[in-house]
Structures are given as structure tokens and as C-alpha cells.
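Colleague: can you look at this prediction? I've put the sequence above it.
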Amino acid sequence: MPTNERIFKPVMDKIMEVFRPGAIVLQCGADSLTGDRLGCFNLTLKGHAECVRYTKSFNVPTLVLGGGGYTIRNVARCWAYETSVLLDTELPDGL
């Protein structure tokens, strides 16, 4: 299991257990992706989206926001891919 999942999933599990939120605001900053000019977290696109997918699995109303990201190609790919994850739709390879 990738490091981000080993951290993200247990933290989210505990948050959901303790706070039992009626809604989630998920800010998906693309500056955590590998190759970002200013970020340093080095996440893959699929690893980043797995956090979105996992949050979605709680079936709680969720407002997903973009943010961050200083390499524009990464930002566009990240948000397009994560939108497809949220909509359970596969993107064509050409995108």
C-alpha cells in the first residue's frame, strides 16, 4: 500500500468515526503531485485520486474543490481524472 494511503485512510477512518460529519469539503490541491514546481509531496495522479475515491466511499455529501498546483498540465490532468473518479466514468487515453 502506498505511503499516502497508509496515512490517509486511517486518518479519514478516525475522523469519520469520531466526528460523524454530515458533509465533507475535500480540497484537492494538485501541488502535492510529483513534478509540481513548488510542491514536495511527490504523489502520483492515481494515488491522489485514490484519496478522492476513498472519501467518496463514505457516502457522505461531499463538496470537492480544486486548489494549488503550479505545473498547469498536472493540474488539468488531476482535476479531470478526479472528476472522472467522482462520476464513475473512465476517461479516454487521449486525454
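Modeller: Noted; the coordinates are in hand. Residues are numbered from 1 along each chain as shown.

Colleague: tell me the SS of the residue nearest to residue 75 when sequence neighbours are not counted?
Modeller: Computed as C-beta to C-beta, 6 or more residues apart in numbering, the closest residue to residue 75 that is not its neighbour in sequence is residue 69, at 3.6 Å. No exception for glycine: its C-beta is placed from N, CA and C like everyone else's. Classification of residue 69 using DSSP: H, G, I helix; E, B strand; the rest coil returns coil.

Colleague: was I right about residue 69 contacting residue 31?
Modeller: Yes: here residue 69 reaches residue 31: they are 5.1 Å apart, a contact under C-beta atoms under 8 Å.

Colleague: and for these two, which residues touch both?
Modeller: Counting by C-beta atoms under 8 Å, 6 or more residues apart in numbering, the shared contacts of residue 69 and residue 31 are residue 39.

Colleague: the two - which one has more neighbours?
Modeller: A count of neighbours by other C-beta atoms under 10 Å puts residue 69 above the other of residue 69 and residue 31, at 23 against 19.

Colleague: quick one, what contacts the more buried one?
Modeller: By C-beta under 8 Å, 6+ apart, the contact set of residue 69 is 29, 30, 31, 33, 36, 39, 75, 78.

Colleague: now with 6 Å, please.
Modeller: 30, 31, 75 (C-beta atoms under 6 Å, 6 or more residues apart in numbering).
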